[in-house]
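J.: Quick one: sequence plus predicted model below, questions after.
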Amino acid sequence: MGRGAQSLARVAVIVRAGAAPLWWPGLLAAAVGVLVPGLTGRRIGLLAGAALFLVTAAAVALVRGRRYAALAGAATRAGRTDFLQDRAVTVRNWRRGHRWWLLGAFLAAVACGFLLPGAGGLMLAGAGAGLWLKAVRIGQRERKDDVLYWVRTDWVAKGRPAGRQVAAYRTTGPVAGDAAPGGARRR
């Protein structure tokens, strides 16, 4: 990279990277939990799980929304020397950095199934759904503003695209990179 060049990762891709690793293991943990009668019974466990799914999805989708909007509103244009990170690299880096947390969350959700069958798994799946909804909202803003939002990779070492270390976003045109608005694969 040249002088002043920075490596940039897509904001929506970072947010969306955690959706599938929470959704599918959450559904698997819920299915395992349903097989075990648990202390409260399947019906109560699944009803509690459905409520936890909705609450968790809404909370994850809405948390730090103002911070994302403020960073997007103050975004500056990316320079010609900036290096845009591929979608696959961003997803792989996020998942490698969080693999032990994901494994621990899955095991906790399965263990919760012995108390409230399916509740822990549905809560985990709700977190994945909330991340997906947040990525969709970012994608809607990208379409509305006709830009893509990027963040420096050294600022998101822990996978938080709106964390304290993030000072500003960069923007590019809507065809830059290999991901569509919202972080999905470009078709």
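T.: Noted; the coordinates are in hand.
J.: mind listing what's buried in the host helix or strand of Pro21?
T.: Using DSSP states H and E, Pro21 falls within helix 19-35. Within helix 19-35, the residues that qualify as buried by neighbour count (16 or more other CB atoms under 10 Å) are 19, 21-23, 25-30, 32-34. All C-beta spots, glycine's among them, are computed from the backbone N, C-alpha and C.
J.: just stretch 96-115 next, same as before
T.: So for stretch 96-115, counting by 16+ other CB under 10 Å, buried means 98, 105-106, 109-110, 112-113.
J.: One more: stretch 117-127?
T.: Residues 117-127 are the ones in stretch 117-127 that count as buried (16+ other CB under 10 Å).
J.: Just to be sure, which of those are found in strands?
T.: Of the positions in the buried residues of stretch 117-127, not one sits in strands, assigned by DSSP state E.
J.: Would you convert these into JSON lines that also reports pLDDT and distance to Arg92?
T.: Formatted as JSON lines, the buried residues of stretch 117-127 follow (pLDDT from 0 to 100; distance: CB to CB, whole Å):
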{"residue": "Pro117", "pLDDT": "92", "distance to Arg92": "34"}
{"residue": "Gly118", "pLDDT": "91", "distance to Arg92": "31"}
{"residue": "Ala119", "pLDDT": "94", "distance to Arg92": "31"}
{"residue": "Gly120", "pLDDT": "94", "distance to Arg92": "27"}
{"residue": "Gly121", "pLDDT": "95", "distance to Arg92": "25"}
{"residue": "Leu122", "pLDDT": "96", "distance to Arg92": "27"}
{"residue": "Met123", "pLDDT": "97", "distance to Arg92": "26"}
{"residue": "Leu124", "pLDDT": "96", "distance to Arg92": "21"}
{"residue": "Ala125", "pLDDT": "97", "distance to Arg92": "22"}
{"residue": "Gly126", "pLDDT": "97", "distance to Arg92": "25"}
{"residue": "Ala127", "pLDDT": "97", "distance to Arg92": "20"}
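J.: Take the residues you listed and keep only those in helices.
T.: In helices, judged by DSSP state H, the following of these are found: 119-127.
J.: Out of those residues, which is nearest to Ala58?
T.: Taking CB to CB as the measure, Ala58 sits nearest to Gly126 out of those, at 8.4 Å.
J.: quick one: buried residues of stretch 180-187?
T.: Result for stretch 180-187 [16+ other CB under 10 Å]: buried residues 180-184.
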